[in-house]
Every structure is written in C-alpha cells, then in structure tokens.
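> Sequence isn't available, so here's the structure alone:
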C-alpha cells in the first residue's frame, strides 16, 4: 500500500471517503482516515483541490456545509434524478415554513415568541415535524414561569439547505422596504396590475371576495 | 439545459444518477431518466465509457452486478474508510420506509393496497427485507382472485420501535395539514375545493392553490 | 391563475352581488382602472365575488388574523404606516360577519384581532393626551403596525427559505457503496421515521387524496389484525370469544367496529343459523 507521503494517494483517499460518506465530513473526521498525523492545513488544501477538480466536470460538486464537506449532485440534474425516484420528500405548508423562518432568524425563541409573531397558536405537530426532520432542537429553557423551551435550528438544517452558517441565510427584508408607496400615488394601470398578479401582496386576488361590501358590514 | 442529443450531457446524467442512487440501476431503469427514448445500446455504450473513465483514476469503480450497475469504493480503500466510520447505521430506502408506514397505519393490507397508495409498484425485495426483519407477516388472505396475502405488523415491530401498541404511532390526522402536495398537480378551482374542504387530504391543498402555487414555487 | 369562476349564475344563486369596491386609499377617490360599456371598472372582474362555500377555503389560505389584515391592507395598496383604521376595521369585521354567517368555527385569534382594531379605532377618536417632553404623542396604531411589519418580514423570509434548494427535495447527496465485510448491521427505524414517510406519501396527493384519513382508524386497524390472527388456523371462533369484556367499553366498541370493517372488506364471515343461536366468525377464505 502506498504511504501517505504520496500526496496524490492522500487526495484519492479523501475523495473516496467523501464520495462514500452518507454525511458531511469535517476536517477532524477526515484526519481519522489516516494512522499518520496529517495536518489540517494539508487536508484543507487537498479539499480545495478536489473541489476545483470537480468544478465544471460532471454533475457532481463538493460543497462545504456547516458540519463538514459533502458531495452532492448539482441541482440542475434533479429533474432527471426525480424521474428515477418518484418518491420525493414533502413540501412543507406555510405554517411549517413560517415557524421555521422564525426559529431560523430569531433564535433562540420560545413557542410563545413564535405565536406572538404569527398571531396564531402553533400546533404541536408543526414543531414535531420540524423536530423529526432534525432541523430544530430545544437548546435550553427560558427562566420565566413554565420554563418554556428555547428553540434553535440545527446543523442538519444548514446542511440540508447547503449552508455553511446562519449568516448564509437570505437576509431579512428591511422593514422599511416593506412599506408600500404612499396612498396619494397614482393608481396602477391594468398592465401593471396584471404584472403584479403573481406578486406576494396580490396572491389572494384570485380568491378575492366581495365580503367587504357594505351589505356585510 | 442541454438536450439529450448531446452525448456528453447524457453521459453526465447517467454518471450522476449512478453516483446518487443508493442501489444498483439496471438499463431499463436508467432509460427512465430521460423523457426522450434513449436506446439501450447507447446507454450500454455510455456505461462502458464511464467505467473506463473511472478505471485507474480515483478510489471508486463502476461495477456491473446482477441487478444493475453501481459505483462502489475499491476494496483497497476499505481500511481507510473503516477507520472513518467504525459503525455507521445503515438506512432503509424510502421505498422500504413508506411500505412499512403503510402496513403499520393501514393494516391489514395487500400488496395491491400498498401499490395503490404509493402509486408505484412494490418490489419483492422490499417486502422480503421487512419480512426477514420479522416486522411484517401475512396474517391471512383476501378472498378475491389470486387470494393476495394480507400484511400486518408484528409484535417484534412494536418492540423494536419501543412502542406499546400501534396507537403510540404519531396520529395520521394531524399530518395532513403539514404538507402541501407536489406542484405538478393541476390546480383545482375554488368551488371544487370547497366541496372537498372537509377532506383531510385536501386541507393542505386549500392553503396551497393561491398561495404556494404562485409564490412558493 | 383565476381560481374563482366568474359565473353569474352561481353568483346570483348565492345571493352575493358584486358591490361597490372600496376606494383604493382613504384619501384619494377611486380611480377606475378601466371603462367597460361606459361604466368604471374598479377592480379585476374575477375578484368580484366568492361563493360562500368557498369562504372556508379562502380563509384556510390565510395563516391567521395578521395574515388576513395584511392582505386587506396590501390588496388596496395602503400604507401600513398610515392605516386608515375606519376602512380597514370595517372590512375586517365584514370578513368576521361572513364567517359567522357561514357558521364557521371562529378562531379566537380572529375575534381578538377584531377587538384590537375596534380599540385602536376608538382611541383614535379620543383626544390624545399630551406627552411630557413635547415628543410625539403615542399613536395607538404603532404596536399593530410593528406586528404587521414583523409578520410580513417573516412571511417573506419563509418564502425565501422555501425557494432554497433542500436536500432530497431539490438535490441528491452522493451515496457510493462501501462493500462491507463481516457482520451486517440492521437499519434503525423510529416512529418519527414512519411519520416522515407518511408525510412523503401524503405530499404525493394525487395518489392519496381519495384516501380518507380518520383519527381513530389506527386502533380499529390494530384490532382488525388481532382478529385475523385469532382466526388464523381455526375453522371458526365464537363471536363472544373475540370480545374481552374486562378491557372496557371503548375497547369493545373499537373491536366491534373492527369486526364490521373486516366483514365489509370481505375478510371474515359472520354467521348465525337462527335468532338467538350462537354467532360464529370465520375467515372468508376458510
């Protein structure tokens, strides 16, 4: 067997480990591959090289995630792969996604905090499904009566979204930009309205009702 | 996106599918990757090319097994990989897990019932692995042509999952509100939705059409 | 996407007529967006009504009172920072009335929001107490505006999160096999895994939507399996033998439903030669 002084062989071992691992591998974990003491700096250098090697060739990329490095298929190939495997994980409802967003951006938060922001009670099953997915966890308890659990997102959440850290989350919209134009602006014309039809604010247009008409009031 | 007339792209799709599949892929399965009709001869040719490409480079090889093609680590690297992960618990495929979930929640069920719910055929190996594990058993036969076996979960299944009874499984009714169906469904109109408003499975739908369909997707 | 059919027949059948549309803003008058046969059109035609049957579905598309309120404000292009309380309160109460007219189960949160809107409106009518250090007087709307903006921020963030590629849903991890020697380890499975799998099945609604999911079904299903096991390998069993009296009434009821379900599915036969004679249960195939 070659020795690890052979850099090419060392790189091949690292690549093989990453191709076969069912989870992200951190540098300390990758060091365990070798009985010799391989420096973290060297491993990082090799990882960069492997990442470069795969860039542009093949449908696969090496990504750095919160808990380590992992190979994944480029998203562009998903339509093909999806045909092979008709079973897909679920797309979460708005209730689940909004709860997740609050935990991700405001962590650590209690269930009460989540309810205060959403203005509705949070069902246990919503929390349970995020917990089952391994995306959220209780990291402590708030020192108030009832000692409610404090929720935070996990590393797996970052990994599954292909993120390195919470800082890589899309930035929250500035509160200022959420304010719509002044009321005395000229009304939109039809074309503009049509363009706004898929806009978030207009999403319920299609389902709009006349319930606000005088007869109801 | 390139078309499949581009042979290099076709090869990349095949390679990516083989690298991400958790099981051997046969040529008929690989054909399913493409909406176009790709000839088996061409796929076989590409597979040979991929096999050659990997020969001599990297620690991974493409091998042809009885049930199809798959990538695996070369045996010479096993000593390294073994150090990395002395005990990595294997996972059941999604097909196995969903079949198990259906038997657990809907027992007693025939194989036909399982296929009707999953919308895909259930392979014998899936049933076999659950049977070998001692988690499911045939408890009778349905009195219809062919007399298909009726499957139920066993005591051992409950024991291995640490459950006292099936009632300790997460309730199904709540689950329906957590997911939205896949977007390839044709959107229903509101009236149709209203008729279905009390249907549990439709609950997620209602939240879907006007919201997620437009803005989430 | 026009989700509401603009069917005039339906419209009159439900007695919901297209009424005048609220002005686009509190200050300005309603500028028609188009003229149709000389009549001003103030809103898009498919917006004109909602069949009452669909009201519940419509409300289901809101995540709660904040979401609904935000919709009312955004729909009319109103400035959140300067909510015309009278207009918005009237519209909100309109929705609540409609909900009550349809005898929908009114969530407490919606009523609470109505109370809050009315409170703010009434406080706006009262003379404002002057502040000590000639600062701005408190606007009673301020807290509501803060909550609306915070909620909208999260709502947008949720949309963004959902757009991000998610493992398994949008991309696949690599899984190259390592040929294991020696002993084989069996996969571990938890109840949570089963739940996750069931959610995956549900999300493929095309195949499952005809499949009614009932709350208490599981205990019945469990009993069905139990009864089939009891019957297996025996010619017949006396009806009473299937009922364990000491397990309590709920158990007996569930067990009885299980027997009926098995009969319905053609899995067992229940027979009795004559009234008051013993009832026997056997496998349908026996």
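Thanks, I have the structure now. Keep in mind it's a predicted model, so treat the numbers as computed, not measured.

> Can you list the residue ranges for helices in the chain?
In the absence of a named chain, chain A is used. Secondary structure of chain A by DSSP state H: the helices cover A:7-20, A:27-31, A:40-54, A:78-84, A:94-106, A:111-118, A:124-132, A:155-160, A:190-195.

> right idea, wrong chain: chain C
Taking DSSP H as the test, the helices found in chain C are C:8-13, C:55-60, C:65-75, C:85-101, C:108-125, C:142-163, C:191-203, C:205-208, C:217-231, C:249-264.

> so can I have a markdown table of the ones you listed showing mean pLDDT?
Output for these, formatted as a markdown table (pLDDT from 0 to 100):
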| stretch | mean pLDDT |
| --- | --- |
| helix C:8-13 | 35 |
| helix C:55-60 | 67 |
| helix C:65-75 | 85 |
| helix C:85-101 | 82 |
| helix C:108-125 | 84 |
| helix C:142-163 | 90 |
| helix C:191-203 | 79 |
| helix C:205-208 | 49 |
| helix C:217-231 | 84 |
| helix C:249-264 | 84 |
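
> So chain A: which segments form each domain?
By the assignment in automatic domain parsing, chain A contains the domains A:7-82, A:94-215.

> number of nearby residues for residue C:235?
9 (other Cβ atoms under 10 Å in any protein chain shown). Heads up, the C-betas are built off the backbone N, CA and C, glycines and all.

> Look up the pLDDT of it for me, please.
You'll see residue C:235 listed with a pLDDT of 85.

> Could you check how far it is from chain B?
Residue C:235 is 14 Å from chain B, where distance means Cβ to the nearest Cβ, to the nearest Å.

> With residue C:86 instead?
For residue C:86, the distance to chain B equals 28 Å [Cβ to the nearest Cβ].

> check contacts around the residue nearest to that residue when sequence neighbours are not counted.
The shortest distance from residue C:86 to any non-neighbouring residue, by Cβ to Cβ, 6 or more residues apart in numbering or on different chains, is to residue C:121 (6.5 Å). With contacts defined as Cβ atoms under 8 Å, 6 or more residues apart in numbering or on different chains, residue C:121 is in contact with C:85, C:86, C:89.

> wait, doesn't the last one sit right on residue C:118?
Yes: between residue C:89 and residue C:118 there is a contact under Cβ atoms under 8 Å: 6.4 Å.

> more crowded one of the two?
Between residue C:89 and residue C:118, residue C:89 has the larger neighbour count (other Cβ under 10 Å), namely 22 against 14.

> so who does that one touch?
Neighbouring residues of residue C:89 by Cβ under 8 Å, 6+ apart: C:114, C:117, C:118, C:120, C:121.

> As TSV, those with distance to residue B:33 would be great.
Output for the contacts of residue C:89, formatted as TSV (distance: Cβ to Cβ, whole Å):
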residue	distance to residue B:33
C:114	55
C:117	55
C:118	60
C:120	59
C:121	61
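
> Now do the shared contacts for residue C:89 and residue C:118.
By Cβ under 8 Å, 6+ apart, no residue touches both residue C:89 and residue C:118.

> ok, back up a step: with distance to residue B:95 as extra columns, can I get the helices of chain C in TSV?
Output for the helices of chain C, formatted as TSV (distance: least, Cβ to Cβ, whole Å):
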stretch	distance to residue B:95
helix C:8-13	44
helix C:55-60	32
helix C:65-75	38
helix C:85-101	44
helix C:108-125	41
helix C:142-163	26
helix C:191-203	10
helix C:205-208	14
helix C:217-231	22
helix C:249-264	28
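
> So what's the predicted local confidence for the nearest residue to residue C:173 once chain neighbours are set aside?
Ranked by Cβ to Cβ, 6+ apart and with sequence neighbours excluded, the top spatial neighbour of residue C:173 is residue A:72, at 5.3 Å. Note on residue A:72: pLDDT of 93.

> tally of neighbours for residue A:72?
The local packing of residue A:72 (other Cβ under 10 Å) involves 21 other residues.

> Who does it form a beta bridge with?
Here residue A:72 sits in beta bridges with residue A:61, residue C:173, going by DSSP bridges.

> tell me the centre residue of chain A?
Residue closest to the average C-alpha location in chain A (Cα atoms, centre = their mean): residue A:161, at 3.2 Å.

> Next up, the contacts around that residue.
Residues near residue A:161 by Cβ under 8 Å, 6+ apart: C:161, C:164, C:165, C:166, C:167.

> I'd say the third one and residue C:171 touch.
Yes: when contacts are counted by Cβ under 8 Å, residue C:165 is listed as touching residue C:171 (5.3 Å).

> the more surrounded of these two?
When neighbours are counted by other Cβ under 10 Å, residue C:171 comes out ahead of the other of residue C:165 and residue C:171, with 21 against 14.

> And for the more buried one, nearest residue in space, chain neighbours not counted?
That would be residue A:75: by Cβ to Cβ, 6+ apart, it lies 4.8 Å from residue C:171.

> ok, the residue nearest to residue A:129 when sequence neighbours are not counted - contacts?
Using Cβ to Cβ, 6+ apart and skipping residues adjacent in sequence, the residue nearest residue A:129 is residue B:178, 4.9 Å away. By Cβ under 8 Å, 6+ apart, the residues touching residue B:178 are A:90, A:92, A:93, A:95, A:96, A:125, A:126, A:129, B:204, C:199.

> give me phi/psi at residue B:178?
Phi and psi for residue B:178, reported as degrees, to the nearest 10, are phi -100, psi -20.

> Need the overlap of contacts for residue C:165 and residue C:171.
Common contact partners of residue C:165 and residue C:171 (Cβ under 8 Å, 6+ apart): A:75, A:162.

> burial of the residue lying closest to residue C:155 once chain neighbours are set aside, as a residue count?
Counting by Cβ to Cβ, 6+ apart, residue C:155 lies nearest to residue A:98, which is 6.3 Å off, once chain neighbours are set aside. Counted with other Cβ under 10 Å, residues neighbouring residue A:98 total 28.
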